[in-house]
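Chemist: Please find the sequence and the predicted model below.
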Protein chains: 2
Amino acid sequence: MNFTITRTIKAQQKLSRSIIAKGKTIAIVPTMGYLHEGHLSLIKQGLELADVVVTTIFVNPAQFAPNEDYARYPRDTRGDLKKIRAAGGQIVFMPKAADMYPDDFQTYVNVEKLTETLEGGVRPGHFKGVATVVAKLFNIVQPDFALFGMKDYQQAMVLRRMTTDLDWPIKYLICPTVREKDGLAMSSRNSYLSPAQRREAVALYKALMAAKKMAQNGQIEVAPIMFEMRRVISQTAPSGKIDYIAFTEMETLKPVTQVVRNMVISLAVRLGPVRLIDNLKI
Amino acid sequence: MNFTITRTIKAQQKLSRSIIAKGKTIAIVPTMGYLHEGHLSLIKQGLELADVVVTTIFVNPAQFAPNEDYARYPRDTRGDLKKIRAAGGQIVFMPKAADMYPDDFQTYVNVEKLTETLEGGVRPGHFKGVATVVAKLFNIVQPDFALFGMKDYQQAMVLRRMTTDLDWPIKYLICPTVREKDGLAMSSRNSYLSPAQRREAVALYKALMAAKKMAQNGQIEVAPIMFEMRRVISQTAPSGKIDYIAFTEMETLKPVTQVVRNMVISLAVRLGPVRLIDNLKI
């Protein structure tokens, strides 16, 4: 099909309906734009699963706290469209905030337990905004498949829980984090980094690799691994401030004190005004 | 199509998908069973709109408070199925509570402002349970139309708001209350009434009719109308206890002090252990 941009909820619903009526399947890749290789890998994986990939670009005000970076979140619509087209994505849905959240909007989706820790603990209300907008996008795009990146690990778990709990007939896929050559997880927010901060930013990946190595070498206690991670970060990123380092059971996000199967180590580090997150499944 | 009963989420999703694939439309009539003429009128109206009507029967634990009547809510599955079939309804979805709410269930839909008053004020958490189960039923049944009764006026408004806010591509219809010969609004909970309480129960309708007459005769102040309603209730139902009488703007549920267009008078009255609600659009 031709490359198509939809800008209203009704237009996207009509387009999705016509695709479904032809017996074709749809994959959704929800994004906030300013696309990098991580997003494009989701689009490419979507194309392997479904006939049509709908990439959504929407900087969602409901998931930013007043003190966060909603207004200055990086935007590059022209570049994004070019990248999506080159990756083979057929449809881009780009709604306006005023259409997504009209004045009398008042319905929110909340995933309870999984959102109490990690990012949810540091960013209250964040996941309520994320779950609500993705619920809306699911109903607008009517996908058969939904693809999310592992970089936002807790988000991926929260939205999978939402999809299961509310019974959307959608196959939910979590795809591997795409990294820069030095290991930094790709993120739109990396564009905020100064050259000096960019050099320090590799600290997150380095700390995760150090943890992996210790676990592989038989260290089963979390405490010494966490100690080593803190050491690596302070050495590699002297200006960094650690928000958290967490060792959790993959599905439930419950903290563990010993290395277990299906464990995820996640961390958030501030470099000046930039907040970076990363994680690794052990 | 043949009369079909589905008992699992997967079975209903598969059945809905096959109906949609044939280009046919679906209407949903969500119920808690123990069906009366009000429910059947929704099924009949659904059949005029859609090719297939899916009636759901599920006494939803999430919308009952611990002190409420979940355990003793009236049930009559065999009678319900007979009535649905006679009304022309083709599919009945009857899930188990353990399948709808598995142990790790934790996602809820909440409509905020509209749920703060009336029933929401008296029954905290009630509408969160209602919105959540209907969100699930929408995703399971995948309807083109959804039909709700005006008897549960605030519920109808809350669920319409949810449908709009979260962008389900569903046409939402609110249908008139069906009444007994003496005016009592049909309700599954009427079965709780003793013969003496049943005679008193007409007080709600009588009070609404008295209010209507005063408004039609030019009374524009709410206060004297409410005074008269209280008088009618205490006269007709001496054992009745009024939970609330409310005059609200139809869409927003905001209270009014003068008679306006699109105003709804609603009230809740307890007769012994039985709580009855009714309303009238003026």
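Modeler: Good, I have the coordinates. Numbering: from 1, shown residues only, chains lettered A, B, ... in the order given.
Chemist: now the end-to-end length of stretch A:159-175.
Modeler: Stretch A:159-175 has its terminal residues 14 Å apart, counting by CA to CA, to the nearest Å.
Chemist: wait, does that stretch make contact with chain B?
Modeler: Yes: residues of stretch A:159-175 contacting chain B under CB under 8 Å from any CB of the partner chain: A:161, A:162, A:165, A:166, A:167, A:168, A:169. C-beta coordinates here come from the backbone N, C-alpha and C atoms, glycine included.
Chemist: Scan those residues and report the most crowded one.
Modeler: residue A:162 (26 neighbours; other CB atoms under 10 Å in any protein chain shown).
Chemist: so which of the residues of stretch A:159-175 next to chain B comes closest to residue B:257?
Modeler: Lowest distance from residue B:257 to the residues of stretch A:159-175 next to chain B (CB to CB) belongs to residue A:166, with 39.6 Å.
Chemist: Test my guess that that closest one contacts residue A:110.
Modeler: No: counting by CB atoms under 8 Å, residue A:110 is not a contact partner of residue A:166; they are 11.2 Å apart.
Chemist: Please identify every residue contacting each of these two.
Modeler: Common contact partners of residue A:166 and residue A:110 (CB atoms under 8 Å, 6 or more residues apart in numbering or on different chains): B:107, B:109.
Chemist: Could you list the domains of chain A?
Modeler: A:4-175, A:188-281 (automatic domain parsing).
Chemist: Out of those domains, the one nearest residue B:83 is which?
Modeler: Closest approach to residue B:83 among these (CB to CB): domain A:4-175, 26.4 Å.
Chemist: The residues of stretch A:159-175 next to chain B in helices, which ones?
Modeler: The helices, defined by DSSP state H, take in A:161, A:162, A:165 from the residues of stretch A:159-175 next to chain B.
Chemist: Distance check, the second one against residue B:147.
Modeler: When CB to CB, to the nearest Å is the yardstick, residue A:162 and residue B:147 sit 26 Å from each other.
Chemist: And the last one, by the same measure?
Modeler: Noted for residue A:165: a distance of 25 Å to residue B:147, by CB to CB.
Chemist: Equivalent analysis for the first one, please.
Modeler: Between residue A:161 and residue B:147 the distance, using CB to CB, works out to 30 Å.
Chemist: how about the residues of the stretch 151-282 of chain A that lie near chain B?
Modeler: Contacts of the stretch 151-282 of chain A with chain B, taken as CB under 8 Å from any CB, map to A:161, A:162, A:165, A:166, A:167, A:168, A:169, A:252.
Chemist: wait, what's in contact with the last one?
Modeler: When the contact criterion is CB under 8 Å, 6+ apart, the partners of residue A:252 are A:113, A:114, B:104.
Chemist: so can I have CSV of the residues you listed showing secondary structure?
Modeler: Shown next, in CSV, are the contacts of residue A:252 (DSSP: H, G, I helix; E, B strand; the rest coil):
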residue, secondary structure
A:113, helix
A:114, helix
B:104, coil
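Chemist: among the residues you listed, which ones are buried?
Modeler: Using 16 or more other CB atoms under 10 Å in any protein chain shown as the burial test, those include A:113, A:114 as buried.
Chemist: With distance to residue B:270 and pLDDT added, can I get the contacts of residue A:252 in a markdown table?
Modeler: Formatted as a markdown table, those follow (distance: CB to CB, whole Å; pLDDT from 0 to 100):
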| residue | distance to residue B:270 | pLDDT |
| --- | --- | --- |
| A:113 | 36 | 96 |
| A:114 | 39 | 97 |
| B:104 | 37 | 96 |
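Chemist: Sort out which one of the contacts of residue A:252 lies nearest residue A:4 for me.
Modeler: Distance to residue A:4, by CB to CB, is smallest for residue A:114 among these, at 34.8 Å.
Chemist: which one is that closest one nearest to, not counting chain neighbours?
Modeler: residue A:158 (5.0 Å; CB to CB, 6 or more residues apart in numbering or on different chains).
Chemist: now do residue A:60
Modeler: Take residue A:60 and drop its neighbours on the chain: the residue closest to it by CB to CB, 6+ apart is residue A:133, 4.4 Å away.
Chemist: pretty sure that neighbour contacts residue A:95?
Modeler: No: look at residue A:133 against residue A:95 with CB under 8 Å: they stay out of range, at 9.8 Å.
Chemist: In this structure residue A:155 contacts residue A:127, no?
Modeler: Yes: with contact defined as CB under 8 Å, residue A:155 counts as touching residue A:127 (7.2 Å).
Chemist: any common contacting residues for those two?
Modeler: Jointly contacting residue A:155 and residue A:127 under the rule CB under 8 Å, 6+ apart are residue A:119.
Chemist: Give me the buried positions along the helix or strand encompassing residue A:29.
Modeler: Here residue A:29, judged by DSSP states H and E, is contained in strand A:26-31. Buried residues in strand A:26-31, counted by 16+ other CB under 10 Å: A:26, A:27, A:28, A:29, A:30, A:31.
Chemist: Stretch A:226-242 too?
Modeler: The neighbour-count check on stretch A:226-242 (16+ other CB under 10 Å) flags A:226, A:228, A:229, A:232, A:233, A:236, A:237, A:240, A:242 as buried.
Chemist: Also stretch A:140-158?
Modeler: Under the neighbour-count criterion of 16+ other CB under 10 Å, stretch A:140-158 has A:140-158 buried.
Chemist: and if you look at stretch A:119-136?
Modeler: For stretch A:119-136, burial by neighbour count (16+ other CB under 10 Å) applies to A:119-120, A:123, A:125-136.
Chemist: my guess is residue A:190 meets residue A:178, correct?
Modeler: No: if you go by CB under 8 Å, residue A:190 and residue A:178 don't touch, sitting 11.8 Å apart.
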